[in-house]
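Enquirer: give me coordinates for this.
(2 chains)
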Amino acid sequence: MSTTPVYICGVGMHRFGRFPEMSLKQLAAHAALEALADAGIGIGDVQAVFAANAYAGLLTGQESIRGETWMRPLGVGGAPVFNVENACASGSTAVHLATLAVRSGAYDTVLVVGAEKMYVQDTHRTLKALESSTDLETLGGMGIQFMAIDALRVREFADEEGLTERDLAWTAVKAHENGAHNPMAQYQRPVSYEEVLGSRMIAEPIRLLMCSAISDGAAAVVISSRPRNPARAVRIVASQAMSSPFRDVAATGLVRATARRAYEEAGVGPEDLEIVELHDAVSPAELIYYRELGLCPPGEVAALARSGKTERHGALPVNPSGGLNSRGHPVGATGVAQLCELVWQMRGEAGARQVRHVPRVGLAHNNGGWMGEDPAVCICHILQR
Amino acid sequence: MHLPYLAALTREALDTGRVGGVRYVAAEQSPTGKAGLVGYRCRDCGRQTLEQTRLCPRCRSGAIDEVVLGERGVLVQATTVHQSTAEFEAPYIIGLVRTAEGLRLFAPIGADPREGVAPGTPLELVVRGDGSRPPALYVPVQGETRA
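Expert: Predicted structure coming up:
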């Protein structure tokens, strides 16, 4: 494998939330221009664009050439635009492909833009679009919502790890505490245990305030082997992608396997991490990934959660951005936004939500869809500064 | 039950409906005499799956038979869904079912959502055939308690 060092040298976001007055194109443009300005380059310096989106085809009708429609008005010129769809992991998949493209030497500098617009004045249509992130031939048409799948996984996991209802609620309390300090977050208000446990039941034991909301938003990163400003660049030391294995064929589940490959590529272990952004599509899923990402051994998830280590000022802050739960989850943008957060934190530029010790090694974990007993896709990135 | 001849049944018979996306056969059309799911079994290594495939993911054999399975199962875990969709009025129960063959699938569970269903409850597939939805679902086996 090529060892050309590849860096994230610019990041930008449009706040996640509900923006009925803005088009997908406007959201994408905002994030793209922020990232270019942050990298100290212009659109003319971009040699290729990787555009991530999951549901525009179903929700706005723009099924094809989504990225071209975003980028041409910005004057991207003749640079190729590649459209990337991988459900909730579309954004990190685009980052993975962009990393490979720069590492190969084909391009020096590329732009990744992830954008999604999920508010279409019809929640049922949005839920229907989300359902298409499963194999409809095995999971379609029976009222299986992602929240139901997540609820079943959380119940099974909580039994295995001896987690209480309060442990599950803690994840939403922690996420909102962090999101309250993030100007990019959809929900910028702390919530109490009472509010979480008093909120409407969605799929037992998952309550409304534990769910990532329907969101609009965009995030972008500039990836380059020749950063204009090396002092602010953060190196991508691992970029790994896997699809759902058969559990009776594969040795381990998807997330564990992908993380293991990322640790091997980076030459670090989970004990070296100083910050993590993980895929808490329902907030208690954070606890599942403590174990799957190797942040603690089996049987010690409750102890890790209760120790405070993963809170914003703990030794290993997890989702200081507020995560999908509080920052919001505009599907195609999420994986890119996780990397924006790592870069801001690792530069010490995260403002009111800056973690106590500026982290040097961070991991981003992003899942997409569902097949069999795992997400359909898992992407892990490790950054180092 | 090994049923290579099932594929020879008419499409109409096989396509009576789906549990979610998984095809099912009603009892009267099933060679086993019980309502079941249409699955796939490797003739060489015996691996079974509910996903339509031409190649065994375990041994790579191309000798795949269509079979009926999933007539019985056990509830691994259940959740009562309180959020309606365009097609389903909440509350309803979705379960993680382990079939007698050891396959795990998500499926609708026919039980009172206010009471729920306990993990370990023995289940059988029922095809309703009266137009109600979902048209097929797993229900607790009458007279049997937790496995």
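Enquirer: now do the contacts for residue 49.
Expert: Here I'm looking at chain A. With contact set as C-beta atoms under 8 Å, 6 or more residues apart in numbering or on different chains, residue A:49 has these partners: A:67, A:71, A:76, A:79, A:80, A:81, A:82, A:110, A:111, A:112, A:113. Any C-beta I mention is one placed from the backbone N, CA and C, and that applies to glycine too.
Enquirer: nope, chain B
Expert: Taking C-beta under 8 Å, 6+ apart as the contact definition, residue B:49 lies against A:246, B:39, B:40, B:41, B:57, B:103.
Enquirer: may I have the beta-bridge partners of it?
Expert: Beta-bridge partners for residue B:49, by DSSP bridges, are residue B:40.
Enquirer: got a pLDDT number for it?
Expert: In this prediction, residue B:49 carries a pLDDT score of 87.
Enquirer: where are the low-confidence patches of the chain?
Expert: Just going to use chain A. Counting by pLDDT under 70, the low-confidence segments of chain A come to A:1-2, A:138-144.
Enquirer: I was after chain B.
Expert: In chain B (pLDDT under 70), the answer is B:1-21, B:145-147.
Enquirer: contact residues of it facing chain A?
Expert: Residues of chain B lying near chain A by C-beta under 8 Å from any C-beta of the partner chain: B:18-22, B:47, B:49-52, B:57-58, B:76-83, B:85-88, B:92, B:94-96, B:104-108, B:116, B:134.
Enquirer: show me where chain B has its helices.
Expert: Secondary structure of chain B (DSSP state H): helices located at B:11-14.
Enquirer: per-domain residue ranges of it.
Expert: As recorded under automatic domain parsing, the domains making up chain B are B:4-69, B:72-140.
Enquirer: if we can go back for a sec, among the contacts of residue A:49, which ones are in strands?
Expert: Within those, membership in strands is found for A:81, A:82, A:110, A:111, A:112, A:113, as judged by DSSP state E.
Enquirer: circling back to that earlier point, ok, which of the contacts of residue A:49 also contact chain B?
Expert: Applying C-beta under 8 Å from any C-beta, the subset of the contacts of residue A:49 adjacent to chain B is empty.
Enquirer: among those, which ones are buried?
Expert: Among the contacts of residue A:49, those that count as buried by neighbour count (16 or more other C-beta atoms under 10 Å in any protein chain shown) are A:67, A:71, A:76, A:79, A:81, A:82, A:110, A:111, A:112, A:113.
Enquirer: enumerate every residue touching the first one.
Expert: Each residue near residue A:67 by C-beta under 8 Å, 6+ apart is listed here: A:49, A:50, A:51, A:53, A:81, A:82, A:83, A:113.
Enquirer: of those, closest to chain B?
Expert: The shortest distance between chain B and any of those, using C-beta to the nearest C-beta, involves residue A:53 and amounts to 22.7 Å.
Enquirer: can you show me the CA trace of stretch A:311-323 as PDB?
Expert: The C-alpha coordinates for stretch A:311-323 follow below in PDB (Å, rounded to 0.1, in the frame of the first residue of the first chain):
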ATOM      1  CA  GLU A 311     -17.500  12.500  29.100                       C
ATOM      2  CA  ARG A 312     -16.200  15.700  27.500                       C
ATOM      3  CA  HIS A 313     -13.600  16.300  30.200                       C
ATOM      4  CA  GLY A 314     -12.800  12.700  30.800                       C
ATOM      5  CA  ALA A 315      -9.600  10.900  29.600                       C
ATOM      6  CA  LEU A 316     -11.300   9.500  26.500                       C
ATOM      7  CA  PRO A 317     -14.000  11.900  25.400                       C
ATOM      8  CA  VAL A 318     -16.600  10.200  23.100                       C
ATOM      9  CA  ASN A 319     -18.800  12.300  20.900                       C
ATOM     10  CA  PRO A 320     -17.900  15.800  22.300                       C
ATOM     11  CA  SER A 321     -19.800  17.200  19.300                       C
ATOM     12  CA  GLY A 322     -23.000  15.800  20.800                       C
ATOM     13  CA  GLY A 323     -22.900  12.900  18.300                       C
END
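Enquirer: just to revisit the earlier point, out of the contacts of residue A:67, flag the one nearest to residue A:272.
Expert: Residue A:272 lies nearest to residue A:50 out of these, by C-beta to C-beta, at 28.2 Å.
Enquirer: specify the beta-bridge partners of the closest one.
Expert: With beta bridges defined as DSSP bridges, residue A:50 has these partners: residue A:82, residue A:112.
Enquirer: that one: how many residues sit nearby?
Expert: Applying other C-beta atoms under 10 Å in any protein chain shown, we find 28 other residues in the vicinity of residue A:50.
Enquirer: again with residue A:305
Expert: A count of nearby residues for residue A:305, using other C-beta under 10 Å, gives 26.
Enquirer: after the host helix or strand of it, next one along is what?
Expert: Using DSSP states H and E, residue A:305 sits within helix A:301-307. Taking DSSP H and E as the definition, the helix or strand that follows helix A:301-307 towards the C-terminus is helix A:323-327.
Enquirer: which is the next helix or strand following that following helix?
Expert: Along the chain past helix A:323-327, the next helix or strand (assigned with DSSP H and E) turns out to be helix A:331-347.
Enquirer: what is the end-to-end distance of stretch A:364-372?
Expert: 23 Å (C-alpha to C-alpha, to the nearest Å).
Enquirer: check the offset of that stretch from the chain's centre.
Expert: The gap between where stretch A:364-372 is centred and where its chain is centred comes out at 10 Å by C-alpha atoms, centre = their mean, to the nearest Å.
Enquirer: swap in stretch A:80-91?
Expert: Stretch A:80-91 has its C-alpha centroid displaced from the chain centroid by 13 Å (C-alpha atoms, centre = their mean).
Enquirer: now for the lengthiest strand in chain B, which elements pack on it?
Expert: Ranked by residue count, the top strand of chain B under DSSP E comes out as strand B:72-81. Contacts of strand B:72-81 with other secondary structure elements, assessed using 3 or more C-beta pairs under 8 Å, 6 or more residues apart in numbering or on different chains; DSSP states H and E, are made with helix A:146-161, strand A:201-203, strand B:92-99, strand B:104-109, strand B:122-127, strand B:136-140.
Enquirer: verify the contact between residue B:144 and residue B:124 for me.
Expert: No. At 9.3 Å, residue B:144 and residue B:124 do not qualify as touching, with contact defined as C-beta atoms under 8 Å.
Enquirer: ok, which residues in the stretch 201-350 of chain A are in contact with chain B?
Expert: With C-beta under 8 Å from any C-beta as the criterion, the stretch 201-350 of chain A meets chain B at residues A:201, A:202, A:203, A:204, A:205, A:206, A:246, A:248, A:249.
Enquirer: same thing but at 6 Å, please
Expert: A:201, A:202, A:203, A:204, A:246, A:249 (C-beta under 6 Å from any C-beta of the partner chain).
Enquirer: most surrounded residue in these?
Expert: Neighbour tally across these (other C-beta under 10 Å): the maximum, 28 neighbours, falls on residue A:203.
Enquirer: what is that one paired to in the beta sheet?
Expert: Taking DSSP bridges as the rule, residue A:203 bridges to residue A:206, residue B:81.
Enquirer: rewinding a little: the residues of the stretch 201-350 of chain A next to chain B: which two are farthest apart?
Expert: Spatially, the most separated pair among these is A:201 and A:249, at 36.5 Å (C-beta to C-beta).
Enquirer: where's the residue nearest in space to the middle of chain A relative to residue A:202, distance?
Expert: For chain A, residue A:335 is the residue whose C-alpha lies nearest the centre (C-alpha atoms, centre = their mean; 3.1 Å). With distances taken as C-beta to C-beta, to the nearest Å, residue A:335 is found 24 Å from residue A:202.
Enquirer: buried set for stretch B:98-112?
Expert: Those would be B:98, B:99, B:101, B:103, B:105, B:106, B:107, B:108, B:109, B:110, B:111, for stretch B:98-112 by 16+ other C-beta under 10 Å.
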